[in-house]
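Visitor: Structure for the following, please:
(2 chains)
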Amino acid sequence: MAKNLLIVESPAKAKTIEGYLGKDFTVKSSYGHIRDLVKSEDAIDINNNFSQRYEVPADKKQVVSELKKLAKEADIVWLASDEDREGEAISWHLFETLGLKEPDTRRIVFHEITKPAIMKAIENPRKIDYNLVNAQQARRVLDRLVGFELSPVLWKKVKPSLSAGRVQSVAVRLIVDREREVNKFKAEAAFKVVALFGKGKDAFKAELPERFSKQEDAEQFLQDCIKAIFEIKSLETKPAKRSPAAPFTTSTLQQEASRKLGYSVARTMQVAQRLYESGYITYMRTDSVNLSDTALDAAQKEIVSAYGDKYHQHRKYKTKSAGAQEAHEAIRPTYFNNHTIDGESNEKRLYELIWKRAIASQMSEAQFEKTVAKISISTRKEDLVANGEVMKFDGFLKVYLEGSDEDEDNQTADGDNAILPPLSKGQILDLQELSATERFSRPPARYTEASLVKKLEELGIGRPSTYAPTISTIQNRGYVVKEEREGRQRNFRMLTLKGGNIVKETRIENTGAERGKLFPTDIGAVVNDFLVLHFQGIVDFNFTASVEKQFDEIAQGLQDWTKMIRTFYDPFHKDVQSTIETADKATGERELGVHPESGKKMSVRIGRYGPFVQVGENPTDESEEKPLYASLRTGQSIETISLEEALELFKLPKVVGEYEGKVMKVAIGRFGPYISHNSAFVSLPKEIDPLDVTEEQAIELIEAKRKKDAEKLIKAFPEDETVKVLNGRWGPYIEFGKLNVKIPKDITDPLTLTYEQCKALADAMPKDAKKGRFGKTAAAAKPAAKKAPAKKKAVAKKK
DNA sequence: CAGTGAGCGAGCTTCCGCTTGACTT
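Guide: Modelled structure (predicted):
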């Protein structure tokens, strides 16, 4: 039996280290934290110095009992969790839970998984740092107090099951604030002037640095240029250089994979996890840009052999984010000589990105020669400017160029970074074309998942392990949606001078289209406004930064953690109490005006089933007329909907005719417009306006749907019409009314299924909710009487 | 998704960070 038990956080890490240490060591993993606060109210005793009640969660029981057994058999237990606040706490929880004794326990730390680093760590053991543990407890207790006191306030004042927390509420606030900036933004137009000189190979562009806000001025400028002489007034050439970016951290990997590969942050992390488990890359949850000495040597060797000596440049990077704890290396390939790997295509692509970025980070800078040519206009006092750039040495650009978040329009001006033909001072130029194009200023960009992570990191909010889950949480809670939105057409004016004539025209462009951007929902905005109004301190962008500063002081032993929490908690708790007692229910109600025909008041607000418009006041007794209601549609918001748009909502649902003795109705659901007929639903094709559907069209669509459904049918049962065997997207399945059942693998031919077999399969489905990534299946058939609507909605939102 | 916008008023929801698997139409 091994004399030593060494415990790390990750099983993949354990495997690697076991290889370095030999027979005397058993290396095991704790799989992260092994204990957490109990779920109930009494997890923290407010009146007893915030003492905590911890428990081992069910899914950790097995790990803990195995570690307990091994610890008993070992002479020495080495606690090798990460060197940061959470890692120290993991060691402490292990110490307590496994019942370790101080003389037989060693705490060791390393920042990189290399043999020398591990050996050095083993030679320098220490004891558990209780200051650091206290800092973690303060963090944990504060998050629990905030989350579990704030959320119930929302249940009372907004809607059940909502949540609030130190991290998620600020993430939502960022998105709500940004959306409002975009909505109130007024685009300003100005004419941008671009000249084209020379022909063929010698052609190049020059731009006027200033823009004209009035069309007359732009026109006058072009007019003046008809007879003007263009001369090179000055020519300046300067060397320029560009340096590579630091190797990836979690946050920069998520950003770059989003820009270059179009991955969501969750997908990036899933793929990176697989690369890590296969041993291709180092740990993927890190805030460090540091590379180990071993890695630096390996990178150098690879660069020199693949590209030559002059492409290598030794570089050390320093972290920019304030809250970085740097318990790991930067994300890099384990072996730099693997330029590519075997695996699925998304794994290959992410690996190559990581390899290129890490290699480039140790390469020399790219060198350019930048030329600025100023061109005088004989009839005007302004100069035109042409920028040229020639690469003299590619350096790191040989392998990698970092992506940019900017859209093309905001990037460098026309003619910039282009290659200029040979030019000389005093040279007279031949104008081919001169254009003045109306350009509009752009609103601030909405957040993508990745740019939100970047912003959170800048604010020091959240950790590498929580960025992806936080983004999921705010979407799952329905505060935020990731969506595509169509843009709208916009006219812009363009004046062109060519061959001595000025041509004026109006062109059309598409603007404001968004893909994969984060939009706040109405509930997100209402919850945010409620928190900003009543709990300003918690959703302040600097709240985390200021508590982090205090956690640091606790970690250094300069402050008592219970005192810190007490100072925070007492006033916070008072706010919670007074908000519960005095605050009104938050519905986001807004008056739209009066109904044009009836003169009744129209308003919008959030109800139990989402945002809706109401016409007329709430009745005070039964004799009064009931108000009319209509739900808002996807993409509409109570904040921005107009009176006209609200009136449109009452035009549907609409009866379009009768078929087979049953009415056909057109309405709009969550997935768009549809026709309902005899409890069947047919979605409407995009081309058809739901307001102009004719009876004939509706019948046609219903028949087409029936035909399509018949094609899917493999087998029907005369004894029960609700049971069918169908061919679905993922192969055959059995449909029982609304319940779908997968056909087990041992049935190879679905045609052989008997009715009895089908029924047995349906009965075998668990009666309670079956939670999977794709929602609930069995639960949909037998909804629990009252909870059903809320549950169904929550699941639908997840999709 | 699929016609509501309360109600008997039970018992439930919820935080952030550290880790992987086991889930499925």
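
Visitor: residue ranges with poor pLDDT in the stretch 451-600 of chain A?
Guide: The model of the stretch 451-600 of chain A has no residue with pLDDT under 70.

Visitor: And the helices in it?
Guide: Secondary structure of the stretch 451-600 of chain A (DSSP state H, counting those that start in this stretch): helices located at A:467-476, A:522-534, A:536-539, A:543-555, A:561-582.

Visitor: now the ones you listed as CSV including distance to residue A:81?
Guide: The C-beta positions use only the backbone N, C-alpha and C, and glycine is treated the same way. Listed next are the helices of the stretch 451-600 of chain A as CSV, based on distance: least, CB to CB, whole Å:
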stretch, distance to residue A:81
helix A:467-476, 20
helix A:522-534, 34
helix A:536-539, 30
helix A:543-555, 15
helix A:561-582, 20
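
Visitor: Nearest approach to DNA strand B belongs to which of the ones you listed?
Guide: Within these, the stretch nearest DNA strand B is helix A:467-476; the backing value is 5.2 Å (CB to the nearest atom of the strand).

Visitor: buried stuff in the closest one?
Guide: A:467-471, A:473-475 (16 or more other CB atoms under 10 Å).

Visitor: what do you get for stretch A:511-525?
Guide: For stretch A:511-525, the neighbour count (16+ other CB under 10 Å) marks A:514, A:517-525 as buried.

Visitor: Show me what the residue found closest to residue A:74 once you drop the neighbours it is linked to in the chain bridges to in the sheet.
Guide: Closest residue to residue A:74 apart from its sequence neighbours, by CB to CB, 6 or more residues apart in numbering: residue A:5 at 3.9 Å. Residue A:5 has these beta-bridge partners by DSSP bridges: residue A:26, residue A:77.

Visitor: Does residue A:343 touch residue A:352 like I think?
Guide: No - counting by CB atoms under 8 Å, residue A:352 is not a contact partner of residue A:343; they are 10.9 Å apart.

Visitor: which one of the buried residues of helix A:467-476 is nearest residue A:155?
Guide: Using CB to CB, residue A:473 comes nearest to residue A:155 of these, at 16.6 Å.

Visitor: so what's the closest one up against?
Guide: A:163, A:168 (CB atoms under 8 Å, 6 or more residues apart in numbering).

Visitor: Not counting sequence-adjacent ones, nearest residue to the one residue in the stretch 151-300 of chain A that gets nearest to DNA strand B?
Guide: Ranked by CB to the nearest atom of the strand, the top residue of the stretch 151-300 of chain A for proximity to DNA strand B is residue A:165, at 1.8 Å. In space, and not counting its chain neighbours, residue A:165 is closest to residue A:147: 4.4 Å by CB to CB, 6+ apart.

Visitor: That neighbour - how many residues pack around it?
Guide: 17 (other CB atoms under 10 Å).

Visitor: show me the contacts for it.
Guide: A:163-166.

Visitor: what do you get for residue A:378?
Guide: Contacts for residue A:378 (CB under 8 Å, 6+ apart) come out as A:228-231.

Visitor: how much space between it and residue A:230?
Guide: Look at residue A:378 and residue A:230: by CB to CB, to the nearest Å, they are 8 Å apart.

Visitor: the helices in the stretch 201-350 of chain A, which residues?
Guide: Under the criterion DSSP H, counting those that start in this stretch, helices of the stretch 201-350 of chain A are mapped to A:215-225, A:250-261, A:265-277, A:293-307, A:345-360.

Visitor: could you point out which element follows the last one?
Guide: What it means is helix A:345-360. strand A:366-377 (DSSP states H and E).

Visitor: From the contact counts, what lies against that next one?
Guide: In terms of contacts (3 or more CB pairs under 8 Å, 6 or more residues apart in numbering; DSSP states H and E), strand A:366-377 is packed against strand A:230-242, strand A:383-393.

Visitor: Packing partners of the longest one?
Guide: For strand A:230-242, the packing partners by 3+ CB pairs under 8 Å, 6+ apart come out as strand A:366-377, strand A:383-393, strand A:428-429.

Visitor: Could you dump these into TSV and include distance to DNA strand B and mean pLDDT?
Guide: Shown next, in TSV, are those (distance: least, CB to the nearest atom of the strand, whole Å; pLDDT from 0 to 100):
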stretch	distance to DNA strand B	mean pLDDT
strand A:366-377	35	97
strand A:383-393	40	96
strand A:428-429	59	96
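
Visitor: Format those strands as a markdown table; extra columns: mean neighbour count.
Guide: Putting these into a markdown table (neighbours: other CB atoms under 10 Å) gives the following:
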| stretch | mean neighbour count |
| --- | --- |
| strand A:366-377 | 18 |
| strand A:383-393 | 18 |
| strand A:428-429 | 14 |
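
Visitor: which of the contacts of residue A:378 has the most neighbours?
Guide: Neighbours here mean other CB under 10 Å. Within the contacts of residue A:378, the largest count is held by residue A:230, at 21 neighbours.

Visitor: Find the nearest non-adjacent residue to that residue, please.
Guide: residue A:429 is the one closest to residue A:230 (CB to CB, 6+ apart), at 4.3 Å.

Visitor: Identify the residues contacting residue A:678.
Guide: A:660, A:662.

Visitor: again, 10 Å this time
Guide: A:659-664, A:702 (CB atoms under 10 Å, 6 or more residues apart in numbering).

Visitor: sorry, back to before: is the helix or strand that contains the residue nearest to residue A:165 positioned near DNA strand B?
Guide: In the assignment (DSSP H and E), residue A:147 maps to helix A:130-157. Yes - residues of helix A:130-157 contacting DNA strand B under CB under 7 Å from any atom of the strand: A:140, A:143-144, A:146-148, A:151-152, A:155.

Visitor: Can you check what angle separates that helix from helix A:561-582?
Guide: Helix A:130-157 runs at 0 degrees relative to helix A:561-582, counting by axes from the mean of the first three to the mean of the last three CA atoms, to 10 degrees.

Visitor: Who are the packing partners of the following helix or strand past helix A:130-157?
Guide: Downstream of helix A:130-157, the first helix or strand assigned by DSSP H and E is helix A:168-184. Contact analysis of helix A:168-184 by 3 or more CB pairs under 10 Å, 6 or more residues apart in numbering; DSSP states H and E lists helix A:130-157, helix A:449-458, helix A:467-476, strand A:480-485, strand A:514-520, helix A:522-534, helix A:536-539, helix A:543-555 as its packing neighbours.

Visitor: Dump the C-alpha coordinates for the fourth one into PDB.
Guide: Coordinates of each C-alpha in strand A:480-485 appear next as PDB, following Å, rounded to 0.1, in the frame of the first residue of the first chain:
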ATOM      1  CA  VAL A 480     -32.000  37.700 -21.000                       C
ATOM      2  CA  VAL A 481     -32.400  36.200 -24.400                       C
ATOM      3  CA  LYS A 482     -29.900  35.500 -27.000                       C
ATOM      4  CA  GLU A 483     -31.500  36.400 -30.300                       C
ATOM      5  CA  GLU A 484     -31.300  37.300 -33.900                       C
ATOM      6  CA  ARG A 485     -33.200  40.500 -34.800                       C
END
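
Visitor: That strand - which strands sit beside it in the sheet, and in what orientation?
Guide: strand A:514-520 (antiparallel).

Visitor: Report the separation between residue A:662 and residue A:677.
Guide: Per CB to CB, residue A:662 is found 6 Å from residue A:677.
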